[in-house]
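>>> Sequence and computational prediction follow.
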Amino acid sequence: MAYAKPARSFGEPVPIDSRAADNLRFIRDTMERASAFTAVPGWGGVAVGFTALIAGSIAFGQSQYRQFFTWLVEAGVALVLASWAVKRKSKRLSLSLQSRPARRALLSFMPPLAAGAILTAVLFPSGVLRVLPGLWLLLYGAAVVTGGAFSVRIVPVMGLCFMLLGGIALGVPADWSNVLLMAGFGGLHILFGIVIARRHGG
């Protein structure tokens, strides 16, 4: 006479083998990439960092007005270079800049930059130059943090480092301004750019 095997009780845990766990991890990572803007250009950031170091080297020894004019020119160069790098990486990775993550990242990135541009336009003609380096670093960092919320995890970390440097710049003598701008827009861009390039496809 045959006896039926007792059914497994509902309370007994069912082990998940390593392959199933890997599959779940892959699905989770794929969903994260689909909801994040991953076309942040690492090598483009490195290039921007080097142009900032060049600008800072040119600014050394100049008057305060000439220093800030040099950095304003650098901001324009960096904007053009970064825009080109984003488009190039997006095309290479077949990522649309019209996707929802890309639009959200851009819309979150722009308001702090716009605020910085407006404050610069107001303060620069008035001769209030001492606060500008800290202001630029602080608001650029805020832009990177807010835009980076829709990107890979390391981007907001970079933004927080910029904000930290901005806070330091606001509390130190004006003679340190050029060095801190080089450390931020030069050093941080190069450091984080290399990490992003290696971990996130260039």
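Perfect, thanks for sending it.
>>> Just the C-alphas of stretch 169-186, formatted as CSV.
C-alpha atoms of stretch 169-186 as CSV (Å, rounded to 0.1, in the frame of the first residue of the first chain):
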residue,chain,number,x,y,z
ALA,A,169,35.4,79.4,1.1
LEU,A,170,32.9,81.6,2.7
GLY,A,171,34.7,81.5,6.0
VAL,A,172,38.4,82.0,5.0
PRO,A,173,40.2,85.1,3.7
ALA,A,174,39.7,86.2,0.1
ASP,A,175,43.3,85.2,-0.7
TRP,A,176,42.3,81.6,-0.6
SER,A,177,39.5,82.0,-3.2
ASN,A,178,41.5,81.0,-6.3
VAL,A,179,43.0,78.0,-4.6
LEU,A,180,39.6,76.7,-3.4
LEU,A,181,38.1,77.2,-6.8
MET,A,182,40.9,75.2,-8.3
ALA,A,183,40.5,72.5,-5.6
GLY,A,184,36.7,72.3,-6.3
PHE,A,185,36.2,72.8,-10.1
GLY,A,186,39.6,71.3,-10.9
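>>> which residues sit against it?
The contact list for stretch 169-186, computed with CB atoms under 8 Å, 6 or more residues apart in numbering, reads 48-50, 52-53, 56-57, 59-60, 64, 67, 71, 74, 78, 129-138, 140, 161-162, 165-166, 168. The way it works is simple: take the backbone N, C-alpha and C, and place the C-beta from them, glycine included.
>>> Of these, just the buried ones, PyMOL syntax please.
In PyMOL, a selection of the buried entries from those looks like this (16 or more other CB atoms under 10 Å):
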select buried, resi 48+49+52+53+56+59+64+67+71+74+78+132+133+134+135+136+137+138+140+161+162+165+166+168
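>>> and the residue minimising distance to the centre of the chain, what does it touch?
Here the mean C-alpha position of the chain is nearest to the C-alpha of V155 (CA atoms, centre = their mean), at a distance of 3.9 Å. Residues near V155 by CB under 8 Å, 6+ apart: 40, 144, 147-148, 192, 196.
>>> show me where pLDDT drops low in this structure?
Scanning the chain for pLDDT under 70 picks out 1-39, 93-98, 202.
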